[in-house]
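**Q** sequence and computational prediction follow.
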Amino acid sequence: MKPAFERLFGFESAKHSIRTEILAGLTTFLTMAYILAVNPGIFSALDMPGGAVFTATALAAIVGTLVMALFAKKPFALAPGMGLNAFFVFTVCLGMGHSWQFALTAVFIEGILFIIMTLTKVRSWLLNAIPGTLKKAIGAGIGLFIAFIGMQNAGIIVNNDATLVSLGNITEGKALVGMLGLFITAGLVMAKIRGGMLWGILITTVIGLFIKDPATGETVTQLIRNDAGNIKLLSLPDSIAPIFCQFEWSNILSWDMLVVVFTFLFIDMFDTMGTIIGVHQGTGLIEKGGDEIPGLEKMFLADSIATVCGACFGTSTTTTYVESASGVGEGGRTGLTAFSVAVCFALALFFSPIFLAIPGAATAPALIIVGVMMMPSIKSIHWDDYCRAIPAFLTIIVMPLAYSISDGILIGVISYVLCHVVAGKFKSISVTMWVLAALFIMKYIFI
């Protein structure tokens, strides 16, 4: 009889540490907890009740991450995805003029299709069709992408009309807090302090209490207070009754529904595939030189179930979070890491003022350092073979610049096929890659 931890989470006492797994889970949660604040803000454009959306966001994360922990036994966390929530609100509802009930129905249908595709192993077949060179590039691309996200969250990199992006004012405000936190966290990681990134987040949060941001005139770390001015620690969750299972079935056979479902499906599928490939390749979850990802179908199924449940709760597509790499970078290897994340989301339902007080500047250092950890995957790319090097480079560079994991993968696949065609290496292109490249080209033309 296997010990309970091994049965539940794939935990082996000879290889894994309970303390490390829990610290990894806390780190992952803190780097992705921003979704609890951001998601209700995005959905407010549709006049959906913010409290209900907050609760739905947490519940979707809890259910999805628990399935990942107990069924797939992997250290990945799930929550409603950034980008997908914006597509839901600003494109489907505000742009195309559909109700949020219509969009929720599309998400629900997408989740059902994902379950079918997973059970028939279509998603695994697509992932395995991607050449090893591109898989290694995906890991590095995601590393740059999440480091870029971290720098933006801290104001180290800011928008600029002339050059699109530029360096922020790193001598004051949240950018200063982010830079201080980066070197403190780097020092802890280099000293091999267990839980170094988590300690870095907490220390940086405290530093933010003493540094004002000129843009707001307030300290970077803002403690939430009640009407009496006292620090607020406890908040009871709102009911999801107003948005629970609010589906609109009258338009499910319309052309718009087909387009919306396909787009949700496309973005979510390749975001999830990219995250799973990237984190495995970039953080040593698979053997060196290997391409085989164990437990793939179970991870995909967890992701699919989470999307269906999230739609029922009343939120947009739930997906595997790239920030999971921060927990894996801290040593998380089993479902116990994911379980710890789920517990944190459950606590956040009642202690949201505490978790929401942690600023983006405090989590940015962890994301930047995880970006560093994911770069070694490019060492095994054959940079002297341009047929493979050019698609790999485009995959890496498009992810942060287009702010999209899926676009990086799509451009990588298209360029891989075209480079081999131009070089006359037709035999090196599999039938699946031909089909994928054709589909991806059509996606850019028609959607």
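**A** In hand now; what should we look at? Computed from a prediction, not measured in an experiment: that's the story for all the values here. Numbering: from 1, shown residues only.

**Q** now do the residue most central in space within the chain against residue 339, distance only.
**A** With distances taken as Cα atoms, centre = their mean, the chain has residue 321 as the residue nearest its mean C-alpha position (2.5 Å). Using Cβ to Cβ, to the nearest Å, one gets 15 Å for the distance from residue 321 to residue 339. Glycine gets a C-beta too; all of them are placed from N, C-alpha and C.

**Q** over to residue 96?
**A** 39 Å.

**Q** any regions of the stretch 1-150 of the chain where pLDDT drops low?
**A** 1-5 (pLDDT under 70).

**Q** the strands in it, which residues?
**A** Under the criterion DSSP state E, counting those that start in this stretch, the stretch 1-150 of the chain contains strands at 78-80.

**Q** ranges for the helices of it?
**A** Shown for the stretch 1-150 of the chain, the helices assigned by DSSP state H, counting those that start in this stretch span residues 4-9, 18-32, 35-43, 50-67, 84-86, 100-119, 122-129, 132-154.

**Q** which other helices and strands does the shortest one contact?
**A** For helix 84-86, the contact count by 3 or more Cβ pairs under 8 Å, 6 or more residues apart in numbering; DSSP states H and E identifies helix 35-43, helix 255-283 as packing neighbours.

**Q** check the second one too.
**A** Contacts defined by 3+ Cβ pairs under 8 Å, 6+ apart place helix 18-32 against helix 196-207, helix 324-329, helix 335-356, helix 360-373.

**Q** could I get those as CSV with mean pLDDT?
**A** Written out in CSV, the entries for these read as follows (pLDDT from 0 to 100):
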stretch, mean pLDDT
helix 196-207, 91
helix 324-329, 88
helix 335-356, 91
helix 360-373, 88
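
**Q** packed most tightly, which of those helices would that be?
**A** Among the helices and strands packed on helix 18-32, the stretch with the highest mean neighbour count (mean count of other Cβ atoms under 10 Å) is helix 324-329, at a mean of 30.

**Q** among the helices and strands packed on helix 84-86, which is nearest residue 298?
**A** Evaluated with Cβ to Cβ, these place helix 255-283 nearest to residue 298, the distance being 11.1 Å.

**Q** in whichever helix or strand comes after the closest one, what's buried?
**A** Helices and strands here follow DSSP states H and E; after helix 255-283, the next one along the chain is helix 296-313. Buried residues in helix 296-313, defined by neighbour count with 16 or more other Cβ atoms under 10 Å: 296, 298-313.

**Q** output helix 296-313 as PDB, restricted to C-alpha atoms.
**A** As requested, C-alpha coordinates have been extracted for helix 296-313 and formatted as PDB (Å, rounded to 0.1, in the frame of the first residue of the first chain):
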ATOM      1  CA  LEU A 296       0.000  14.800 -20.700                       C
ATOM      2  CA  GLU A 297      -3.600  13.600 -21.200                       C
ATOM      3  CA  LYS A 298      -4.300  14.000 -17.500                       C
ATOM      4  CA  MET A 299      -3.000  17.600 -17.500                       C
ATOM      5  CA  PHE A 300      -5.100  18.400 -20.600                       C
ATOM      6  CA  LEU A 301      -8.200  16.800 -19.000                       C
ATOM      7  CA  ALA A 302      -7.700  18.900 -15.800                       C
ATOM      8  CA  ASP A 303      -7.500  22.000 -18.000                       C
ATOM      9  CA  SER A 304     -10.700  21.000 -19.900                       C
ATOM     10  CA  ILE A 305     -12.700  20.300 -16.800                       C
ATOM     11  CA  ALA A 306     -11.600  23.600 -15.300                       C
ATOM     12  CA  THR A 307     -12.900  25.500 -18.300                       C
ATOM     13  CA  VAL A 308     -16.400  23.800 -18.100                       C
ATOM     14  CA  CYS A 309     -16.600  24.400 -14.400                       C
ATOM     15  CA  GLY A 310     -15.400  28.000 -14.800                       C
ATOM     16  CA  ALA A 311     -18.200  28.700 -17.400                       C
ATOM     17  CA  CYS A 312     -20.800  27.300 -15.000                       C
ATOM     18  CA  PHE A 313     -19.500  29.500 -12.100                       C
END
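
**Q** by contact count, what packs against that helix?
**A** The contact analysis (3+ Cβ pairs under 8 Å, 6+ apart) places helix 296-313 against helix 50-67, strand 78-80, helix 100-119, helix 122-129, helix 255-283, strand 318-320.

**Q** let's have the ones you listed in JSON lines, adding distance to residue 6.
**A** Supplementary listing: these in JSON lines, determined by distance: least, Cβ to Cβ, whole Å:
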{"stretch": "helix 50-67", "distance to residue 6": "18"}
{"stretch": "strand 78-80", "distance to residue 6": "23"}
{"stretch": "helix 100-119", "distance to residue 6": "25"}
{"stretch": "helix 122-129", "distance to residue 6": "25"}
{"stretch": "helix 255-283", "distance to residue 6": "21"}
{"stretch": "strand 318-320", "distance to residue 6": "23"}
